[in-house]
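> Pasting a predicted model and its sequence here:
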Amino acid sequence: MSKIKKGLMIGIGLASVAKREAKNILNILEKQGRLNKPKAKKLANSLLKKAMSKERKLQGILKKELTRDLNALKKRVKKAI
């Protein structure tokens, strides 16, 4: 498995775990009376927006790395031909 594919799989796994844990924490805070339902929902939406922003940044970084690696590979192929 390529490093890029491994990185993507790790990212997807981390996002899934983070989402589940955020839901658990919000549910606990709601049950303890520290957050009411509307505030919990607002906080969840805020966390989701931040996560999506970070995901876009990560996609940009991956795209840049892939482009660099593909260009390097093209150069090596041209030399070999």
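Perfect, thanks for sending it.

> okay, now Gly60: neighbour count?
The local packing of Gly60 (other CB atoms under 10 Å) involves 10 other residues. The way it works is simple: take the backbone N, C-alpha and C, and place the C-beta from them, glycine included.

> Might you report the residue contacts of it?
Residues near Gly60 by CB atoms under 8 Å, 6 or more residues apart in numbering: none.

> Pull the distance from the helix or strand that contains it to the chain's centre.
Assigned by DSSP states H and E, Gly60 falls within helix 37-80. Between the centre of helix 37-80 and the centre of its host chain there is 7 Å, according to CA atoms, centre = their mean, to the nearest Å.

> go on, stretch 74-81?
Computed by CA atoms, centre = their mean, the chain-centroid distance of stretch 74-81 equals 34 Å.

> which residues touch the residue sitting nearest the centre point of the chain?
Centroid-nearest residue in the chain: Glu55, 4.2 Å away (criterion: CA atoms, centre = their mean). Applying CB under 8 Å, 6+ apart to Glu55 gives the contacts 11, 15.
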